[in-house]
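Novice: The sequence isn't on hand, but the structure is:
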Ligand code: NI
């Protein structure tokens, strides 16, 4: 049994064959996944998915790419969607200084507002941090955003930063990038995360793990990342699947 902690199955990349993709996840032993509703449209589609499939859960929030589209009204909508029992966290929220699709000042402000929303709702957060390691971390600290737990998704930082995140009680999630040939730094970080705080994800349709690299990613492929990390950690695939599945339930506060 595998748990994909971060997927975008609502993406238009799946418009042709979404039902088959969801069925393939089940066949591959992915018995739960969390779909990330990270824009107004994506959040609405996520609500439909969690209503329709018992093994799909969701998060809602505004992605840093789209921070410039935040309004008071949208923040209220996010709050409304978050009240659904299958919506488990506010996310993905954070900073992306790689693409800078929204001005950095706007990204920071929208990140802060959504951390405060999560605090109001006593919900965990799912963090997107790309090339903004120090600021993502410092803003969480300034806002008291560690309080209800959360996940650093698609982790790309160092082992040292992972240690600081873990000290604050968060979980760290690795995507298919950890299977890439040139990802030694990431594998060092993955070695540094205790087995009770480690998560796996696809972030599909992006970042397919080996041996699917370059193709569209989907939840079924989370097993490839899981097997690679199990081997890195020197434990059986089955044991690693069980540990990361239980970790995901704790991180997202799902009754098992
Ligand atoms: Ni994502």
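Specialist: Yep, it's here. Not measured: the values here are computed from a predicted model.

Novice: can you pull the contacts of the closest residue to residue 136 other than its chain neighbours?
Specialist: Leaving aside its sequence neighbours, residue 136 sits nearest to residue 129 (Cβ to Cβ, 6 or more residues apart in numbering; 4.0 Å). C-beta here means a position set from N, CA and C on the backbone, and glycine is covered the same way. Counting by Cβ atoms under 8 Å, 6 or more residues apart in numbering, residue 129 touches 94-95, 136-137, 152, 156-157.

Novice: does residue 194 really touch residue 165, like I thought?
Specialist: No. Counting by Cβ atoms under 8 Å, residue 194 sits too far from residue 165 to count as a contact (11.9 Å).

Novice: of the two, who's got more company?
Specialist: A direct count of neighbours by other Cβ atoms under 10 Å for residue 194 and residue 165 places residue 165 higher, at 25 against 10.

Novice: Provide the partner residues of the closest residue in space to the more buried one that isn't next to it in sequence in its beta bridges.
Specialist: Spatial nearest neighbour of residue 165, excluding adjacent residues (Cβ to Cβ, 6+ apart): residue 152 at 5.6 Å. Assessed by DSSP bridges, residue 152 has beta-bridge partners residue 127, residue 172.

Novice: Quick check: pLDDT value at the residue nearest to residue 136.
Specialist: If you check residue 129, the pLDDT there is 97.

Novice: what do you get for residue 255?
Specialist: Reading off the model, residue 255 has pLDDT 84.

Novice: what number of residues lie near it?
Specialist: Here the number of neighbours of residue 255 (other Cβ under 10 Å) works out to 4.
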